[in-house]
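S.K.: my questions are about this predicted structure, shown below with the sequence.
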Amino acid sequence: MFSPETETLSRKKIQELQLERLKYIVRYAYENVAMYKERFDAIGLKPEHIRSLKDIEKIPYTTKDDLRDNYPFKLFAVPMKKIIRIHASSGTTGKPITCGYTRQDLDNWSTCIARVLAMAGATDEDIFHVAFGYGLFTGGFGLHYGIEKLGATVVPVSSGNTERQIMLLKDFGATALIATPSYAMYLAETAKKMGVLGDLRLRLACVGAEASTAEMHESLRNILGVFPTENYGLTEVGGPGVAGECREKAGMHINEDMFYPEIADIEHNKVLGEGEKGELLLTTLTKEGMPILRYRTKDITSLTYEPCKCGRTLARMARVVGRTDDMLIIRGVNVFPSQIESVLMGMPELGKTYEIIVDRVNYMDTIEVRVEVGDTGLLDDYGKLEALVAKIKHNLRVVVQLDVKVKLVEPFSIKRAEGKVKRVTDLRKK
Amino acid sequence: MLVKQLSVFMENRPGRLYKLTHALGKEGIDFVTLSIADTKDFGIVRFIARDNEKAYEILKKEGFTVGITELIGVEVADKPNALAEVVSLMEESQINIEYLYSFVLTNHNTAKILMRVNDTDRALTILQNKGIKLLSEKIL
C-alpha cells in the first residue's frame, strides 16, 4: 500500500475525516466560487448547515453544463497565480471541460495515482510504458507524476505509432502498461501479428479512461499475459486516480479521503444505499484549484463499504456498467453497449474489436453489431459461420432482450482507436 | 493422400478479392484452383496455391483469417459421366459431400475433382478399393 494509514482507516475514522473535510470544502467553495455562492443563496443554504455527511444532500448537483457555462476558468477558487497546471477534456461536444490545479492539488493527485498503481500490484521496480496521450488530456501527465511518486520508472511514450510502441515495449523491457483497455487490446493484437508477444516483459496493465468489462480483462490476461486492473477518474474532478482495482479485483477502491462518493437516483432526487445501482456523484474533498460539489458523473455503478480482502477499508465502486448518456434506447428497451461487449468478449470464436450501429428504418429502430471473426477453424464450411452468427444472436438476445442484426467482418477491418474508442454509431440522431 | 486447401474469410464487398489475389500475386504465388460461393454478407474463398505454405504466411501477415482444410482429390478421365461415377460411390456408402469442385489442367486429358466429405477416412478407403487415382499435393 502506498498510504497504508489512510487506506486502512476504520469506517468511523474515514467518516470523521470526510466530515471535517466536507465542511471545509463547502465553505471554501461558497466563499471562493461565484456559482456555488449563487446556488446556495438561491435556496437559502449556508455552509454552516452542513453538520453531518448526510447534510450533503441539501447541496444541489453540479453538472457538465455548469462546467461548460463557466468555461474556461470561472469555477477556479484561487487566483491564476496559484494555478500551476491546466488540463481539459477532449470536449467531443463543443467546448472542453477545464480543470485547474494548485501545487497542492498536483501533489494530492500524484498520491492518489501512486496508491492506485500500488493497488494494481506495482512497485518502485516497475517500468511503466505510458501509452496515454500527453497534453491537455489528464491521463498522460496524471499517470506520469503518479508513477514518479511511486518511484517506478516512466517511459512517456504517449499515443500513436503502434508498431514503434511495440518496439519500445520490447527494447525497454517495460513491466507495466498504461493505456485505455481498447488500445491495450490493439497493442496486444499488433504484437501478436508482429510475432513479438514472447519478447515482452509486461506483467501489469493498468487500464482506464474508458469503461472495460471482465471479459476484456480476461482477454488481456490471455493474450498479453498481464494482470489487468482498472482505474477510474474524470477530468471534472481532476482526472484519473479517483479509484482503482486491487489484486482482488472486487471493485475499485475510492480514495475516500480526497473524494466523497454518493450513488443517486437522479430521476427521483434520492441518494441510494450501499449496493444499490445508480449514478455516481463525486465531491472533491481537498481540491484548492477547482472544488466540485456533488458532480453528476453520469456513470452508473454501486458502492460497497465492506473492508476488502486486500486489507483496505476504502469504499469500493463496482465496474461502471454504463453511462446515463450512452445508454441506447432501442424500440423502448434500454441497452448498454457494455452488455453487448460482454457477450462478444465471452465468445472465443470472435475477435476483440466490434462496432454497434443503431439506425431507424421505416420508423423502427434497428441495431446491428459488426464483429471480427477470430477462429480460422470456422472456415471449413458456411454452416459453421452461419451457426456462429446464430449463436451470437442468441447470446445477445438473452442479455439485451432484443433481436440484434449480426454481421461478421474480416479481422482488422474495424478501425482501431488510439485514444478513446467510439464503438457506437447512432444514425438516428441525424 | 489428402490435398491441402486454404480458406479465407472475406466480406462480400468490392475490392476484397483483389486485395487477396494481389497480395499473393506480387509475391509470385501461383493459384492452382480457386473457388468462391456467394452469400449476401460474407464468403469463403477456397484455393490451392503452388506454394500453400508461403501463401499461408503471406496472408497471415496481411491480416487475413486463413484456415487450412484437407480435401480428397481424385483424378478421372475427362469424359462424360466420370464425375457421376465418383459421386455415386459416395452416395452408395451414405457419405455426404459438403462441397466439391473440379478443374482440368492444360495438356492433360484428365479432370481433377476436389471434395470435402463428412467421413474422409471411409471415403478414401472406398475410392482406393475401386482403384480410383487419388491426388496428393505434389501431383497438382
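M.R.: That came through, no problem. Numbering: from 1, shown residues only, chains lettered A, B, ... in the order given.
S.K.: is stretch A:349-366 positioned near chain B?
M.R.: No. Judged by C-beta under 8 Å from any C-beta of the partner chain, stretch A:349-366 stays clear of chain B, getting no closer than 8.6 Å. Bear in mind the C-beta positions are built from the backbone N, C-alpha and C, glycine included.
S.K.: got a list of contacts for that stretch?
M.R.: Applying C-beta atoms under 8 Å, 6 or more residues apart in numbering or on different chains, the external contacts of stretch A:349-366 come out as A:182, A:185-186, A:189, A:216, A:219, A:328-331, A:337, A:340-341, A:344-345, A:367-375, A:378, A:388, A:392, A:405, A:411, A:414, A:416, A:423-428.
S.K.: and if we set it to 6 Å?
M.R.: A:185, A:219, A:328, A:330-331, A:337, A:344, A:367-372, A:374-375, A:388, A:411, A:414, A:423-428 (C-beta atoms under 6 Å, 6 or more residues apart in numbering or on different chains).
S.K.: A:T162: how many residues sit nearby?
M.R.: 18 (other C-beta atoms under 10 Å in any protein chain shown).
S.K.: any idea how far it is from chain B?
M.R.: In this view, A:T162 and chain B are 13 Å apart by C-beta to the nearest C-beta, to the nearest Å.
S.K.: so how far is chain B from the closest residue to that residue other than its chain neighbours?
M.R.: What sits nearest to A:T162 in space, not counting adjacent residues and going by C-beta to C-beta, 6 or more residues apart in numbering or on different chains, is A:T190, at 5.1 Å. Using C-beta to the nearest C-beta, A:T190 is found at 10 Å from chain B.
S.K.: quick check, A:T190 in a strand?
M.R.: No. The assignment for A:T190, made by DSSP: H, G, I helix; E, B strand; the rest coil, is helix rather than a strand.
S.K.: roughly how far apart are it and A:H87?
M.R.: According to C-beta to C-beta, to the nearest Å, A:T190 stands 29 Å off from A:H87.
S.K.: same check, this time on A:G139
M.R.: A:G139 is 9 Å from A:H87, where distance means C-beta to C-beta.
S.K.: likewise A:V130?
M.R.: From A:V130 over to A:H87 the distance is 15 Å, taken as C-beta to C-beta.
S.K.: and if you look at B:M1?
M.R.: Taken as C-beta to C-beta, the span from B:M1 to A:H87 is 67 Å.
S.K.: ok, A:R323 next?
M.R.: Taking C-beta to C-beta, one finds A:R323 at 20 Å from A:H87.
S.K.: next one: A:G322
M.R.: Taken as C-beta to C-beta, the span from A:G322 to A:H87 is 25 Å.
S.K.: which residues of chain B lie near chain A?
M.R.: B:S7, B:F9, B:E11, B:D41, B:F42, B:I44, B:G63, B:T65, B:G67, B:T69, B:E98 (C-beta under 6 Å from any C-beta of the partner chain).
S.K.: in helices only, show me these.
M.R.: Using DSSP state H, the subset of these located in helices is empty.
S.K.: and the closest residue to B:V87 other than its chain neighbours, how many neighbours?
M.R.: Sequence neighbours aside, B:I97 is the residue nearest to B:V87 in space, at 7.1 Å (criterion: C-beta to C-beta, 6+ apart). B:I97 has 15 neighbours, counted by other C-beta under 10 Å.
S.K.: show me the contacts for B:I97.
M.R.: With contacts defined as C-beta under 6 Å, 6+ apart, B:I97 is in contact with B:M90, B:M115, B:V117.
S.K.: partner strands of the lengthiest strand in chain B and their direction?
M.R.: What stands out as the longest strand in chain B, according to DSSP state E, is strand B:66-77. Looking at strand B:66-77 with DSSP bridges, its partner strands are strand B:2-11 (antiparallel), strand B:110-117 (antiparallel), strand B:133-134 (antiparallel).
S.K.: okay, these in JSON lines with mean neighbour count and mean pLDDT next?
M.R.: What follows is those, written out as JSON lines (neighbours: other C-beta atoms under 10 Å in any protein chain shown; pLDDT from 0 to 100):
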{"stretch": "strand B:2-11", "mean neighbour count": "21", "mean pLDDT": "89"}
{"stretch": "strand B:110-117", "mean neighbour count": "19", "mean pLDDT": "90"}
{"stretch": "strand B:133-134", "mean neighbour count": "14", "mean pLDDT": "90"}
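S.K.: since that was my last question, I'll sign off now.
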